[in-house]
Every structure is written in structure tokens, then in C-alpha cells.
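**Student:** quick check, what structure comes out for this input:
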Amino acid sequence: MFFKPGTHKDHGFRHDPFKAVISPRPIGWISTLDEHGTPNLAPYSFFNAVCADPPVVMFGSGGRTDGTKKDSQLNAEASGEFVCSIVSHAQRDHMNKTSVHLPHGENEMPPAGLEGLASKMVKPLRVKGAPVHLECKYLQSVQMPCWHESRENWVIFGEVIGIHIDESCVVDGMVDVLKYTPVARLGYMDYSEVTELFAMDRPD
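**Tutor:** The predicted structure follows:
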């Protein structure tokens with residue numbers, strides 16, 4: 001089957017399958033501070049590592065329907081900092097609760113039953129209980145095309161300048177992903193968790 005993006009309904013799909021086939025995707029749990037120092041926390045499934053030397057991550061943010069940017073992007077750009085906490089299976093419900101759309105300036109952590117932890121090199125809080133935190137220095141935002149005139153698509157890049165890893169997840173000097181089973185986003189309303197792995201050596 002072949003079809004052009006945006007014509008999926010003509011081929012019997014109830015929803016656009018694009019995000020279902022680009023999966024699993026790691027979830028970036030992005031925390032920032034607004035201009036008044038109020039914490040903001042939101043999950044982004046368009047998230048990933050970009051390079052390793054220096055380590056850089058990105059998260060993709062589609063703007064609001066009124067044409068304004070989302071709080072995570074606004075705060076990162078204004079403050080120059082953000083933190084990405086990795087979502088474990090144990091915090092999946094908390095993560096989902098932080099996807100709620102609250103008015104600008106409201107803290108998502110308390111309603112989701114979460115607490116913040118002070119970071120070491122940046123001001124935004126880390127999510128208490130998350131197995132990994134990446135403290136990031138904002139680098140740049142790149143605008144992407146958008147089919148909707150009233151909205152915008154952006155990719156926000158940050159250099160990782162500090163990393164926290166729960167010691168219980170480290171075995172023989174290596175991070176054991178099965179110790180915290182990170183949650184991944186699939187298509188539609190589906191998620192997955194890492195519970196099994198296999199290794200392959202490169203041919204060279």
C-alpha cells in the first residue's frame with residue numbers, strides 16, 4: 001500500500017498511521033521555569049538524542065491552535081535551560097497526568113502527585129523518582145513546516161551539561177535499562193516499556 005501523507009482516510013485508516021510506524025519513541029519529560037520561577041512539566045514523544053560529543057537532545061513542539069508556542073518552548077528559550085527526566089514504567093501514570101493543558105503559570109507537578117528536586121547546573125527542577133535526569137543548556141529552536149496556518153512546528157535543541165543516574169540502575173559499570181524499564185510512545189493511545197533486550201556486535 002502506498003499513499004501520500006494526509007490522505008490516509010482515503011485508504012481506510014481511521015487515524016494517521018505515521019506516528020504508529022515511527023515507534024517506539026522515547027519520551028522526554030521536559031521541565032522548565034517560567035519568568036516568575038514557576039515550574040512547568042510536560043511529556044514530549046517527539047524527543048531523542050541528536051549527537052554525543054557534545055551530547056545534544058531535542059524535543060519537537062507543535063504550537064497551540066491559537067498560534068502561540070507551548071510553555072516548555074517559551075520557558076526554555078527565555079531562561080536558556082531545561083531538564084529532561086526519563087519516564088520509567090513506575091511513573092507512567094504521573095507522566096500521563098502532566099500532559100494536561102493547564103493555563104500558563106500553573107505547576108503540573110502537584111496535581112500529578114509529583115515532587116521536584118533541585119538540579120546542580122541549571123535552575124529547572126528534576127522529577128523526583130525518575131531514574132535519569134539530563135540537565136540541558138538551551139541551544140536553539142528551528143521552525144519546521146506546518147500544514148495549519150494557525151499553528152507552528154518547532155524543534156528545540158539543548159546541550160546536556162549534567163547527567164543524574166539512579167545508582168540502582170548501574171550494574172558492572174553499565175546502565176541496566178531493565179532496572180527501570182523506560183516507557184516509550186507508540187501510535188494512537190498506545191505505549192510500551194522496555195522489558196527485553198538483545199545484543200549484536202558490529203561486523204567490524
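**Student:** give the contact list for the residue positioned nearest the centre of the chain.
**Tutor:** Closest to where the C-alpha atoms of the chain average out (C-alpha atoms, centre = their mean) is residue 28, at 1.7 Å. Contact analysis of residue 28 by C-beta atoms under 8 Å, 6 or more residues apart in numbering lists 43-45, 47-48, 57, 59, 84. (Glycine included, C-beta is placed from N, CA and C.)
**Student:** then residue 119 would be within a strand, right?
**Tutor:** No - secondary structure of residue 119 (DSSP: H, G, I helix; E, B strand; the rest coil): coil, not part of a strand.
**Student:** touching, residue 116 and residue 32? I think so.
**Tutor:** No - with contact defined as C-beta atoms under 8 Å, residue 116 and residue 32 do not form a contacting pair (11.5 Å).
**Student:** which residues are in contact with each of these two?
**Tutor:** In contact with both residue 116 and residue 32: residue 39, using C-beta under 8 Å, 6+ apart.
**Student:** who has more neighbours, the two?
**Tutor:** residue 32 (27 against 18; other C-beta atoms under 10 Å).
**Student:** ok, what's across the strand from that one?
**Tutor:** residue 40 (DSSP bridges).
**Student:** per-residue pLDDT, it?
**Tutor:** At residue 32, the model reports a pLDDT of 98.
**Student:** if I read this right, it contacts residue 44, doesn't it?
**Tutor:** No - counting by C-beta under 8 Å, residue 32 stays clear of residue 44, with 11.6 Å between them.
**Student:** find residues that contact each of these two.
**Tutor:** residue 72.
**Student:** which residues touch residue 169?
**Tutor:** Taking C-beta under 8 Å, 6+ apart, one finds 131-132, 175-177, 179-180 in contact with residue 169.
**Student:** quick one on the thing from earlier: of the contacts of residue 28, just the buried ones, ChimeraX syntax please.
**Tutor:** This is how ChimeraX selects the buried members of the contacts of residue 28, with burial counted by 16 or more other C-beta atoms under 10 Å:
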select :43,44,45,47,57,59,84
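**Student:** can you tell me which of the contacts of residue 28 is nearest residue 99?
**Tutor:** Nearest to residue 99 among the contacts of residue 28, counting by C-beta to C-beta, is residue 43 at 5.6 Å.
**Student:** that closest one contacts residue 99, doesn't it?
**Tutor:** Yes - between residue 43 and residue 99 there is a contact under C-beta under 8 Å: 5.6 Å.
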